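Enquirer: Generate coordinates for the sequence data below:
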Amino acid sequence: MKYFKFLDNKNIINVYSILIFIISSYFIFLNLINESGYWYDEWCTLLTSDPNADLKTIFDRHSGNSDKPYENVPIIYYLVLRFFFNIFGYTSENGRLFSFLFLIFSSLTFYFLLQLFVEKKESLFATSIFFSTPLIIWMSNETRVDLFLVFFVLLNILVFFLTVKFDRIDLKILLLTLNVITLSIYPLTLSIIFSQILFLLVQKYLNKSKNSLIIFLTILSVILYFSFNFEYFLERTLNRDYHYAKLNLNFFLLYYFNVFFGSVFFGLIFFILFIFLIFHKIKLLVKDELLLFCSISIFLTYLMVILSSIFITPIAAPRYIIFIIPIILIFIFKSVLNLKIKNFFFLFLFCISIINISTNYDNRHIKKPYTVQALKLIKEKSYYNLLTLPKSVLFQNYISTISDIEFFKLFSNFEDIKDNNLKKFAILCLYKPRYAGDENQNDYEYCNQNYLGFEIYEVIEIPDYKIIFFNKLNE
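Expert: Here you go, the predicted structure:
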């Protein structure tokens, strides 16, 4: 043990935290500047959040009545993102920046939540672990609801425990409001709200706590949510159409820990640690408020995934329950604090987090589309007149929001190129995309057209795109 005396240093945990934050920030920065494209559903997010469109158009797009399929995610996220675009500019890069900002907000909320139960330095260390989690980092680089959702779930839990601790009427009203907002952002957070109710009932039974009003307000928040969102709930949540997120046996192997934590190897480490801590301190679960709440939330969330996927609508996808990641981490960290050899576990978590973020910061099983790389290739060959195909509103809108598009003169049809008497142009053609689901159904005829008065100079194929360079025929 004398060789590990440095573990007893009171400042060592701060050193761990700072190092994890620095290394994680470096890799997050690499992801942010990584010239990656958007997936199909991110095109949909962009169009639904267009600050140049009026609210009627936005609602029509969200419901699938105009230009695009309907959205399963409620409209609140899109309206907030639209407001952000209106202030900072409507670009795809700003869409990713919006998610990154909510990674920062989520981390701060995570820190203040844990600080209610542990020392500041311990809360900081746990926050650094959260900050370095691969799926959290991946989603901070995409224009999706995920980090927006994680922030509101953590804020909701923070206000919940503040309400339980201080029993103030203003906090109770705030909790009621936040419950309705959180559910309205993402209906699957029902598991978190039901966790509040079950937690309060257990506390009332075991500790004779006087929390009847909080229980009533929490139940009321669910009733209000269903009242305000009844049509949405029926139309979306009970949709029995085909969905990729069907429940399969892989779910029961690691319960998405492999996706949450970047790979099967690291997912298995966190899963084994999680299971070990459950059984090692099972008697402590009821006595420790935070552990009790986390246990209930994790159990109800996974139960919701199983029951809904079997009986209602498929929701068995890791992103759909991304909000459970910080709760799992809180459970692990708080349980470790109760171990006699917690300093060794701190060192273990530090080493695992550093190695994990270093190897899995962008280790997605499918790399993002090569849109920006395609534009770079076209620019390098000095073809600044660009025809983008197909002519769908979704695709054309996405291309128009990329910052690099300012170097090009965009055309949506060949007639405009002829009218401008141009000598050369390039076509950026969506070709066998890995994300639109039509690679086996579409023959991509729009990529193989002949253009009168022009001849093909060169054709380049990269993932998701075919780039065709045309020069004008000598007359």
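Enquirer: after the lowest-mean-pLDDT helix or strand in the chain, next one along is what?
Expert: Using mean pLDDT, DSSP states H and E, helix 230-232 stands out as the lowest-scoring helix or strand of the chain, at a mean of 70. As assigned by DSSP states H and E, the chain's next helix or strand after helix 230-232 is helix 251-254.
Enquirer: which helices and strands sit right next to the very next helix or strand once past that following helix?
Expert: Per DSSP H and E, the first helix or strand lying C-terminal to helix 251-254 is helix 257-260. If contacts are counted by 3 or more CB pairs under 8 Å, 6 or more residues apart in numbering; DSSP states H and E, helix 257-260 sits against helix 134-139, helix 264-280. Backbone N, C-alpha and C define where each C-beta goes, glycine included.
Enquirer: now for the following helix or strand past the longest one, which elements pack on it?
Expert: Helices and strands here follow DSSP H and E; after helix 264-280, the next one along the chain is helix 284-287. Contact here means 3+ CB pairs under 8 Å, 6+ apart; on that basis helix 284-287 packs against helix 289-307.
Enquirer: avg pLDDT for whichever helix or strand comes after the helix it packs on?
Expert: Next helix or strand after helix 289-307 toward the C-terminus (DSSP H and E): helix 324-336. The pLDDT scores in helix 324-336 average 95.
Enquirer: Can you read off the pLDDT for the residue most central in space within the chain?
Expert: Geometric centre of the chain, nearest residue: D146, 2.8 Å, by CA atoms, centre = their mean. D146 is assigned 95 on the pLDDT scale.
Enquirer: got it, and the one 4 residues further on?
Expert: For V150, the pLDDT comes out at 97.
Enquirer: Same check on T313?
Expert: On the pLDDT scale, T313 gets 78.
Enquirer: Quick check: it vs E119, distance?
Expert: Counting by CB to CB, to the nearest Å, the separation of T313 from E119 is 43 Å.
Enquirer: next one: S358
Expert: S358 is 28 Å from E119, by CB to CB.
Enquirer: Likewise for K283?
Expert: From K283 to E119 the distance is 24 Å (CB to CB).
Enquirer: Neighbour count for T313 and E119, which is higher?
Expert: Taking neighbours as other CB atoms under 10 Å, T313 and E119 compare with T313 leading, 16 against 12.
Enquirer: Let me see the mean pLDDT of stretch 81-94.
Expert: In the prediction, stretch 81-94 has an average pLDDT of 95.
Enquirer: Start and end of that stretch, how far apart?
Expert: Distance between the two ends of stretch 81-94: 10 Å, counting by CA to CA, to the nearest Å.
Enquirer: Helix 324-336 and the lengthiest helix in the chain, what's the angle between them?
Expert: In the chain, taking DSSP state H as the definition, the longest helix is helix 92-115. Orientation note: helix 92-115 sits at an angle of 30 degrees relative to helix 324-336 (axes from the mean of the first three to the mean of the last three CA atoms, to 10 degrees).
Enquirer: Point out the other helices and strands that the very next helix or strand once past helix 92-115 packs with.
Expert: With elements assigned by DSSP H and E, the helix or strand that comes after helix 92-115 is helix 120-131. Packing partners of helix 120-131 (3+ CB pairs under 8 Å, 6+ apart): helix 12-33, helix 92-115, helix 324-336, helix 342-360.
Enquirer: Please tell me how far the closest residue to N258 other than its chain neighbours sits from T133.
Expert: Excluding the flanking residues, the one nearest N258 by CB to CB, 6 or more residues apart in numbering is G267, at 3.3 Å. Look at G267 and T133: by CB to CB, they are 11 Å apart.
Enquirer: Those two - which one has more neighbours?
Expert: T133 (25 against 21).
Enquirer: pretty sure the more buried one contacts I328?
Expert: No: the criterion here is CB atoms under 8 Å, and T133 misses it with I328 at 9.5 Å.
Enquirer: overlap in contacts of the two?
Expert: F260 (CB atoms under 8 Å, 6 or more residues apart in numbering).
Enquirer: check contacts around F331.
Expert: So, once contact is read as CB under 8 Å, 6+ apart, F331 ends up touching F274, L277, L291, C294, S295, I298.
Enquirer: Would you reformat the residues you listed as a markdown table and include distance to L206?
Expert: Shown next, in a markdown table, are the contacts of F331 (distance: CB to CB, whole Å):
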| residue | distance to L206 |
| --- | --- |
| F274 | 24 |
| L277 | 21 |
| L291 | 14 |
| C294 | 17 |
| S295 | 14 |
| I298 | 20 |
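Enquirer: Domain map for the chain?
Expert: Here the domain assignment for the chain is 2-360, 371-472, based on automatic domain parsing.
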